[in-house]
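In: generate coordinates for the sequence data below:
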Amino acid sequence: MTAPDKKQYRRMLSNIRHGSQVLPDTAPGAQRTAAGLASATLLSEAADLPPTAQAEIAEVSSPFDYLFGDLAAEFPAHHIPGEPATVRGLLTALGIAMAKETPAADDQRGGAGNSVIPAVYTYWGQFIDHDITANTDRANAVTDLRKPDLTPIDPADVRRDLRNLRQPALNLDSVYADGPDFDDEGTESGTLYDGIDLRIGEVFEDGIPGDHIPPADDRRRDLPRKLDAGLDPDATPESRAIHRTTAVVGDARNDENLIVAQLHVAFLRFHNNVVAHLRETSNGYQKSERELFLEARDLVRWHYQWLVVHDYLKTIAMPGIVDKVLLTGNRFYVLEPGQEPYMPIEFSVAAYRFGHSMVRSVYDYNQNFGRKGDGNGTLARVARFRQLFEFTGHHADPFAGFSDSNLPFNWVIDWPRFVDKGDGLADHFARPIDTKLAEPLSDMFKEVSGEDENAAPEIQAMLKGLAIRNLLRGYHLSLPTGQAVAAKVGARPLTTDELQRGNSQEVNDALQPFLEHTPLWFYILKEAEIRCHGNFLGEVGSRIVAETLIGQLRADPESYLGRYRGWNPAQGVRLANGDPIVTITDLFRFAGVFPIDPA
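Out: Residues are numbered from 1 along each chain as shown. Below is the predicted model:
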């Protein structure tokens with residue numbers, strides 16, 4: 001297998017869409033799928049790749065594989081049994097029933113229906129996902145769930161045909177892409193930079209109502225955008241607005257959700273402040289710009305990786321699991337000599353989709369769209385989930401028409417409302433990890449586009465219903481059942497009583513055929529709900545997620561768990577009072593997007 005550092009991974013994904021499957025232009029059905037499905041993108045559009053790379057996607061991509069290869073090897077012994085058409089119908093019924101279980105008090109302030117996980121972890125998880133995964137179908141439209149003859153694919157065929165356009169390494173390719181254009185070759189990646197600093201956009205203010213968000217005098221709180229660069233002089237007003245507001249970032253998916261976009265801004269600023277710190281502490285040693293950039297990038301990556309393990313994972317995983325993986329090694333994500341790091345299908349298609357259940361319908365976003373003091377915000381009582389997609393450059397009507405350049409200043413995020421584990425306001429936390437999804441995820445009408453507007457009702461229901469899609473995708477890609485994976489990791493399996501506890505009668509009726517062979521995604525959500533009160537993943541989910549992320553860090557020689565495994569935050573940059581960066585809040589403080597400095 002080709003060594004990872006010898007491959008030409010595509011790190012600048014400027015046109016990829018959220019949740020995307022990326023289809024080579026010549027794949028059977030690719031043109032039709034991309035035209036009709038909002039979450040499908042042609043490879044030629046997602047990344048500027050030469051025809052030779054499109055012909056052999058393996059040269060610029062990484063593999064998917066099964067974390068539990070022995071279960072896959074015995075397919076279909078450990079998978080959902082039954083005639084495919086019947087199983088598809090039953091899974092669809094389960095997804096529809098799940099969609100009707102709207103979480104209690106989700107659109108209210110306080111009250112029930114919240115976990116102890118601050119809301120930032122929902123979107124930090126999405127940011128991580130964009131850093132390590134972009135699904136690519138090499139030989140055919142293998143993940144097109146609209147096919148009338150949808151059946152489980154042989155695992156060997158999944159391995160062959162499903163590719164990942166991201167390198168499975170927590171290396172912030174979505175932020176850095178291929179780095180600055182040191183040789184003045186006019187590279188696309190070079191547009192992300194101003195020298196060795198990452199470009200940052202300023203918020204738009206003209207005629208916009210509302211309060212400034214602390215730090216109130218700081219306007220550099222948006223992603224950099226195209227503005228008039230490359231604008232067609234004959235562009236229509238609509239295409240002009242979309243062009244001008246399109247973000248210039250290493251992964252376009254990071255500007256399809258405003259919280260993720262603001263998180264991306266924090267990492268841009270964190271990098272720039274690390275560069276400034278290194279310049280100030282060089283002790284007279286004159287490093288080249290290239291040397292300085294590489295040192296800053298390493299430090300930013302290591303801080304990020306350490307936080308993913310010690311803050312993110314230890315927050316969302318069952319206590320003890322992360323430390324066991326760190327101290328005793330990986331049990332399942334273990335690479336053979338010369339094996340290329342891969343993305344586990346059980347992680348990507350089931351376990352890591354736990355974040356879907358954490359999404360809230362509304363957020364106390366800032367003092368304009370949320371609380372102001374003890375009352376309603378200056379402009380609205382809450383920020384609704386759907387608005388998080390309207391105030392981005394990728395929306396059909398960017399920034400809801402308030403700006404054709406940059407994010408309106410009144411939509412800058414107030415991070416203290418999203419990160420505090422000791423916060424006394426219940427709605428500053430994510431929803432519990434459970435089998436209920438917020439209402440907007442059950443009616444994703446924007447997923448129905450093109451030819452699907454006249455598709456059969458069951459196809460439209462699938463496209464709009466996230467639960468249905470997750471269940472069908474897991475079945476189509478031949479995931480083992482929750483019970484099979486629980487036995488494999490040595491976890492106490494959920495009983496039939498536990499699987500049914502707390503469900504509506506409609507969900508339990510739909511779940512009845514799957515009580516002995518439960519879809520892995522549903523099983524992991526229910527395990528967290530019943531065993532952990534929705535406050536973190538259970539043993540099965542925790543093991544898959546921790547093994548994957550820590551295993552990929554160990555497989556990356558440039559990571560803090562690779563050849564630099566002696567590194568820790570005490571050796572990195574520090575806050576003004578000398579404290580090391582050990583939480584995501586600390587990173588926001590160093591980046592200057594958090595209004596409270598502990599010094």
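In: just give me the neighbour total for R331.
Out: Neighbour count for R331, taken as other Cβ atoms under 10 Å: 14. C-beta coordinates here come from the backbone N, C-alpha and C atoms, glycine included.
In: got the contact list for it?
Out: Neighbour list for R331: 325, 489, 543, 547 [criterion: Cβ atoms under 8 Å, 6 or more residues apart in numbering].
In: so what's the backbone phi/psi at the residue nearest to the second one when sequence neighbours are not counted?
Out: So the one you mean is V489. The shortest distance from V489 to any non-neighbouring residue, by Cβ to Cβ, 6 or more residues apart in numbering, is to R543 (4.8 Å). Main-chain torsions, R543, degrees, to the nearest 10: phi -60, psi -40.
In: related to what we said a few turns ago, nearest to D131 among the contacts of R331?
Out: E547 (17.6 Å; Cβ to Cβ).
In: just the CA trace of stretch 375-389, in CSV.
Out: The C-alpha coordinates for stretch 375-389 follow below in CSV (Å, rounded to 0.1, in the frame of the first residue of the first chain):
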residue,chain,number,x,y,z
GLY,A,375,-35.2,39.3,28.8
ASN,A,376,-35.5,38.7,25.1
GLY,A,377,-32.7,39.6,22.7
THR,A,378,-32.4,42.9,20.9
LEU,A,379,-33.8,41.4,17.7
ALA,A,380,-35.3,38.0,18.5
ARG,A,381,-36.0,35.7,21.3
VAL,A,382,-34.0,32.8,19.9
ALA,A,383,-31.9,31.8,16.9
ARG,A,384,-33.6,28.9,15.0
PHE,A,385,-31.6,26.0,13.7
ARG,A,386,-32.6,26.7,10.1
GLN,A,387,-31.3,30.3,10.4
LEU,A,388,-27.8,28.8,11.0
PHE,A,389,-27.9,27.8,7.3
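In: could you give the average pLDDT over that stretch?
Out: Looking at stretch 375-389 alone, the average pLDDT works out to 95.
In: which residues does that stretch contact?
Out: Against stretch 375-389 from outside (Cβ under 8 Å, 6+ apart): 107, 209-211, 256-259, 359-372, 395, 400, 410, 438, 440, 446.
In: can you give me the helices in the stretch 351-500 of the chain?
Out: 387-390, 416-419, 457-464, 466-476, 482-489, 496-500 (DSSP state H, counting those that start in this stretch).
In: worst mean pLDDT among the ones you listed?
Out: Taking the mean pLDDT of the helices of the stretch 351-500 of the chain, helix 457-464 comes last: a mean of 55.
In: settle this for me: T518 is touching L499, isn't it.
Out: Yes: T518 is within contact range of L499, at 6.3 Å (criterion: Cβ atoms under 8 Å).
In: which of those two has more neighbours?
Out: Remark: of T518 and L499, T518 carries more neighbours, 26 against 23, as counted by other Cβ under 10 Å.
In: mind listing what that one touches?
Out: So T518 contacts 481-483, 494, 499, 511, 526 (Cβ under 8 Å, 6+ apart).
In: export the residues you listed to a markdown table and append columns for distance to Q505.
Out: Shown next, in a markdown table, are the contacts of T518 (distance: Cβ to Cβ, whole Å):
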| residue | distance to Q505 |
| --- | --- |
| T481 | 23 |
| G482 | 22 |
| Q483 | 23 |
| L494 | 19 |
| L499 | 14 |
| L511 | 10 |
| K526 | 16 |
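In: show me what the closest residue in space to F64 that isn't next to it in sequence is bridged to.
Out: The shortest distance from F64 to any non-neighbouring residue, by Cβ to Cβ, 6+ apart, is to L162 (4.5 Å). For L162, the beta-bridge partners under DSSP bridges are D137.
In: any idea how far L162 is from D251?
Out: L162 sits 19 Å away from D251, going by Cβ to Cβ, to the nearest Å.
In: distance of V275 from S559?
Out: Relative to S559, and taking Cβ to Cβ, V275 is found at 21 Å.
In: an error on my part: the question was meant for V158.
Out: 27 Å.
In: number of residues surrounding the nearest residue to P118 once chain neighbours are set aside?
Out: Computed as Cβ to Cβ, 6+ apart, the closest residue to P118 that is not its neighbour in sequence is V419, at 5.2 Å. Neighbour count for V419, taken as other Cβ under 10 Å: 20.
In: pretty sure V419 contacts I584?
Out: Yes: using Cβ under 8 Å, V419 makes contact with I584 at a distance of 6.1 Å.
In: quick check: neighbours shared by these two?
Out: V120.
In: so what's the backbone phi/psi at A241?
Out: Torsion angles at A241 (phi, psi; degrees, to the nearest 10) stand at phi -60, psi -40.
In: skipping its backbone neighbours, what lies nearest N470 in space?
Out: W521 (5.1 Å).
In: out of everything not next to it in sequence, what's closest to S403?
Out: Nearest one to S403, counting by Cβ to Cβ, 6+ apart, is F204 at 4.0 Å.
In: same question but for L263, I mixed them up
Out: Counting by Cβ to Cβ, 6+ apart, L263 lies nearest to F127, which is 5.2 Å off, once chain neighbours are set aside.
In: how about L537?
Out: A528 (5.0 Å).
In: can you check P224 too?
Out: Nearest to P224 is R199, by Cβ to Cβ, 6+ apart, at 3.9 Å.
In: quick one: contacts for the one you found?
Out: R199 touches 191-193, 224, 248, 268, counting by Cβ under 8 Å, 6+ apart.
In: again, but for L466
Out: Here L466 is in contact with 356, 437, 441-442, 444 (criterion: Cβ under 8 Å, 6+ apart).
In: per-residue pLDDT, F594?
Out: pLDDT at F594 comes out at 95.
In: all the strands of the stretch 351-500 of the chain, residue numbers only.
Out: 362-363, 371-372, 375-376, 383-384 (DSSP state E, counting those that start in this stretch).
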